[in-house]
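Trainee: sharing a sequence plus its predicted fold:
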Amino acid sequence: MTESIPEVIAPSGDSADGSTIHDLGYRRYTGPRVGASGAWNALYVQSLRTMFGLGRPAKAKAIPVLVIVVTMLPALASLVAASASNGQVPLRYGQLIGAQLLLFVLFVAAQVPEVLSRDQQHQLLPLLFTRDVTRLSYALARFGAIFSAVFVVGLAPLLLLYLGEIGIAKDPSVAFTLMGNRIWPVLAQSTLSALAMSGIGAGLAVWTPRRAYATAAIFGTFLLLAAVATGLDDLAGVSQRTAELLDPIRAMRTMAMILFGETNRGMELNAPPPIGVYVALTLGIGAAGLLLLTWRMRRIRA
Amino acid sequence: MSTARPAVPVDRPSLGRPSLGRPSLGRPSWWRSARAICHLSMVRTFTPVLVLTMTALVLLPMLFALVFASRGFLSGDPVPFLVQRYDQLVSALATPIIALLLSTSAFSAESDDGTLLYLVTTTTPRWWIVLVRVLFAMVGTALASAIAVFGTGFIATGAHDPQHVTRAFGIAAAFGGAAYASLFTMLALLTRRALVSGLLYVVFWEGVLSSTFPALHYLSVRQWMLAVANVLTESSDTRLTEGPSLTASLVGAGLVAVLAVLSGARQLSQPRIGRVGT
């Protein structure tokens, strides 16, 4: 409070129509100006923190913590089983992560509306768009943060399995040379599934300012697609593998199995299409979601 | 909407139109208050998005039946086809979601915008408000599910209904719809996010947990529904036979319905209201 009021600069610029801008003596901002990239970074960091409920009350952290804990537990349990049996019980990455996919959907359905719908609910978009944030950069920052959060949550159990498998070996350095290439399927699986899930989440949540409706819409979409896929399942004329591509969860489950080189009885009886189909499908869903998001941001009144 | 006149009409001399004088606050008329409560529910429920969703859910199994029927004898045995569709598309999807929409929309919207207060501060007993809402959702869900089941069965097999599978599932879906409706009405009064928690129940409790821990079949509305269907049909599909017994299901559904009315009435004595006067 002891700081002096900045000097009043006499307004000298009389404009053409004779009006003047009076300097009323408000304090000016003298810090660094970070511009468009600074705005983008701020938006990205804020969205990432919101995805995990950081900086918000404990209630907002409930779902992220629950999902992370519940998805890590089976990985930990199978590591313990593998360690106790001296590697007799194999670690099945694909099967383990496939069973967790629905929990990642829960994470997306609960947290993406927090990031996208709140701005519309509290009419914050006009405030954002008067700064160095364009509609496109808003969409990209939000989508980037959503993708990063889902990627981290999806990677965590796989990484735990990977590091654990090296850790429980008698000779970790030998295990590492054996397992070195295993990291690529781990990264590919978490990237692709995160892309597809955040695409669906972001593409739907941005259409409503009500978070509950957005969550319901995301869950409803996954439920409905699963139902349509099972409905088509044994209808003559539609093969099971074609129907499966309609259901993102089942498709991602099969994709994980192929990526980690595992099979189950269903896959032996009925060979799935090559991995490229699943990669294209997840990339396509992600791109479609991003496109929907940017399209909506371009048209929204703010 | 209806804030201009009292939400629940009270007994007054029948003059055709309500008189503008002071209403005589006597005992409420059961029939007229029920009609008013139902009317309020309908106004909240029959919005374009919800009606469209419910119609789509009812039409979805019929669409598959149409594909099935269009191939004639090439399609094979209709019984496994119908059991699979009724199980996956009606009892796991259409019935719970329609029940969820019908039973949560009214109470949730009213506690959101504060108009629940106007409903509660009438002379209508609170258990009556809950009971009427439960019945409204029950009848609506039962009707919609029955339409889905009988429509699908009729398209796929015509009128002759092999092994009585359509009749069995029609009755089972109506029963399950009633159980779901009371469960979700309770949810609408007890939790703030009824729609989301109902969906979580459907996806995780009925889907994931119930298939991992078969003991939960005794606490799953979907399995109760299958148990009822199992008794009424001659088909011995494994989907049907591994559920709980019929008595357990009936007792369970009855308990849920009673609990919904009692706990809902208790909750309404301290209604949770989001905004008042906005």
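Mentor: That came through fine. All values derive from a computational prediction rather than experimental measurement.

Trainee: next one: stretch B:126-133 to chain centre, how far?
Mentor: 15 Å (Cα atoms, centre = their mean, to the nearest Å).

Trainee: just the C-alpha atoms of that stretch, please, in PDB.
Mentor: Below are the C-alpha coordinates for stretch B:126-133, written out as PDB (Å, rounded to 0.1, in the frame of the first residue of the first chain):
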ATOM      1  CA  ARG B 126     -45.500 -36.200   0.700                       C
ATOM      2  CA  TRP B 127     -45.600 -40.000   0.400                       C
ATOM      3  CA  TRP B 128     -48.500 -39.500  -2.000                       C
ATOM      4  CA  ILE B 129     -46.300 -37.200  -4.200                       C
ATOM      5  CA  VAL B 130     -43.600 -39.800  -4.300                       C
ATOM      6  CA  LEU B 131     -46.000 -42.700  -4.800                       C
ATOM      7  CA  VAL B 132     -47.700 -40.900  -7.800                       C
ATOM      8  CA  ARG B 133     -44.300 -40.200  -9.300                       C
END
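
Trainee: go through it and flag the buried ones.
Mentor: Neighbour counts over stretch B:126-133 (16 or more other Cβ atoms under 10 Å in any protein chain shown) mark B:126, B:128, B:129, B:130, B:131, B:132, B:133 as buried. All C-beta atoms are positioned from the backbone trio N, CA, C, and that covers glycine.

Trainee: mind checking which of those are in strands?
Mentor: Nothing among the buried residues of stretch B:126-133 maps onto strands, per DSSP state E.

Trainee: let me have those in TSV, adding distance to chain A and pLDDT as columns.
Mentor: Formatted as TSV, the buried residues of stretch B:126-133 follow (distance: Cβ to the nearest Cβ, whole Å; pLDDT from 0 to 100):
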residue	distance to chain A	pLDDT
B:126	25	87
B:128	28	90
B:129	23	90
B:130	22	90
B:131	26	92
B:132	25	92
B:133	19	92
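
Trainee: between those residues, which sits nearest residue A:129?
Mentor: residue B:133 (43.0 Å; Cβ to Cβ).

Trainee: excluding covalently adjacent residues, which one is nearest to residue B:60?
Mentor: The spatially closest residue to residue B:60, leaving aside those adjacent along the chain, is residue B:89, at 5.8 Å (Cβ to Cβ, 6 or more residues apart in numbering or on different chains).

Trainee: could you do residue A:112 as well?
Mentor: residue A:201 (3.8 Å).

Trainee: over to residue A:275?
Mentor: residue A:258 (5.0 Å).

Trainee: neighbours of the one you found, how many?
Mentor: Neighbour count of residue A:258, defined by other Cβ atoms under 10 Å in any protein chain shown: 20.

Trainee: what stretches of the chain score poorly on pLDDT?
Mentor: Reading this off chain A. A:1-16, A:234, A:236-237 (pLDDT under 70).

Trainee: my question was about chain B, not that one.
Mentor: For chain B, the stretches with pLDDT under 70 are B:1-27, B:73-75, B:273-278.

Trainee: near chain A, which residues of it show up?
Mentor: Residues of chain B that fall close to chain A, judged by Cβ under 8 Å from any Cβ of the partner chain: B:53, B:60-61, B:64, B:67-68, B:71, B:74-76, B:81, B:84-85, B:88-89, B:92-93, B:97, B:193, B:195-196, B:199-200, B:202-204, B:207-208.

Trainee: among those, name the buried ones.
Mentor: Listed as buried from the residues of chain B next to chain A are B:53, B:60-61, B:64, B:67-68, B:75, B:81, B:84-85, B:88-89, B:92-93, B:97, B:193, B:195-196, B:199-200, B:202-203, B:207; burial here means 16+ other Cβ under 10 Å.

Trainee: so which of these sit within helices?
Mentor: Mapping those onto helices (DSSP state H) picks out B:53, B:60-61, B:64, B:67-68, B:81, B:84-85, B:97, B:195-196, B:199-200.

Trainee: how about residue A:246, secondary structure?
Mentor: At residue A:246, secondary structure determined by DSSP: H, G, I helix; E, B strand; the rest coil is coil.

Trainee: contacts only, for it.
Mentor: A:225, A:228, A:229, A:232 (Cβ atoms under 8 Å, 6 or more residues apart in numbering or on different chains).

Trainee: of those residues, just the buried ones, PyMOL syntax please.
Mentor: Buried residues within the contacts of residue A:246, by 16+ other Cβ under 10 Å, are selected in PyMOL with:
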select buried, chain A and resi 225+228+229+232
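
Trainee: please identify the helix or strand for residue B:55.
Mentor: helix B:48-70 (DSSP states H and E).

Trainee: distance between that helix and the chain's centre?
Mentor: 18 Å.

Trainee: so which bits of it are buried?
Mentor: Quick answer for helix B:48-70 (16+ other Cβ under 10 Å): B:53, B:54, B:57, B:58, B:60, B:61, B:62, B:64, B:65, B:67, B:68, B:69.

Trainee: residue B:161 contacts residue B:167, doesn't it?
Mentor: Yes. Using Cβ atoms under 8 Å as the test, residue B:161 is close enough to residue B:167 to be in contact (6.1 Å).

Trainee: neighbour count for those two, which is higher?
Mentor: residue B:161 (19 against 16).

Trainee: give the contact list for that one.
Mentor: Listed by Cβ under 8 Å, 6+ apart, the contact partners of residue B:161 are B:153, B:167.

Trainee: how close does it sit to residue B:79?
Mentor: Relative to residue B:79, residue B:161 is positioned 10 Å away (Cβ to Cβ, to the nearest Å).

Trainee: residue 38: what secondary structure?
Mentor: Let's take chain A. Going by three-state DSSP: residue A:38 is helix.

Trainee: burial of it, as a residue count?
Mentor: As a burial measure, residue A:38 scores 13 neighbours (other Cβ under 10 Å).

Trainee: at the contact with chain B, which residues of the stretch 201-302 of chain A appear?
Mentor: Neighbours of chain B within the stretch 201-302 of chain A, by Cβ under 8 Å from any Cβ: A:212-213, A:215-216, A:219-220, A:223-224, A:227-228, A:230-237.

Trainee: again, only this time at 7 Å
Mentor: Counting by Cβ under 7 Å from any Cβ of the partner chain, the positions of the stretch 201-302 of chain A adjacent to chain B are A:212, A:215, A:216, A:219, A:223, A:227, A:230, A:231, A:235, A:236.

Trainee: of those residues, closest to residue B:107?
Mentor: Using Cβ to Cβ, residue A:212 is the member of these that lies nearest residue B:107, at 13.6 Å.

Trainee: could you measure from the closest one over to residue A:263?
Mentor: 41 Å.

Trainee: can you name every helix or strand that the lengthiest helix in chain B contacts?
Mentor: For chain B, the helix that runs over the most residues, judged by DSSP H, is helix B:126-157. Judged by 3 or more Cβ pairs under 7 Å, 6 or more residues apart in numbering or on different chains; DSSP states H and E, the packing partners of helix B:126-157 are helix B:30-45, helix B:48-70, helix B:78-85, helix B:95-113, helix B:165-190, helix B:246-268.

Trainee: between those helices, which gets nearest to residue B:142?
Mentor: Residue B:142 sits nearest to helix B:165-190 of all the helices and strands packed on helix B:126-157, at 3.8 Å, using Cβ to Cβ.

Trainee: what residues does residue B:199 make contact with?
Mentor: Residues near residue B:199 by Cβ atoms under 7 Å, 6 or more residues apart in numbering or on different chains: A:216, A:219.

Trainee: scratch that, residue B:196
Mentor: Listed by Cβ under 7 Å, 6+ apart, the contact partners of residue B:196 are A:212, A:215, A:216.

Trainee: neighbour-wise, which of these leads?
Mentor: Of the contacts of residue B:196, with other Cβ under 10 Å as the count, residue A:215 tops at 28 neighbours.

Trainee: any chance of TSV for the helices and strands packed on helix B:126-157, columns distance to residue A:118?
Mentor: Compiled in TSV, the helices and strands packed on helix B:126-157 are given as follows (distance: least, Cβ to Cβ, whole Å):
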stretch	distance to residue A:118
helix B:30-45	24
helix B:48-70	21
helix B:78-85	39
helix B:95-113	16
helix B:165-190	23
helix B:246-268	28
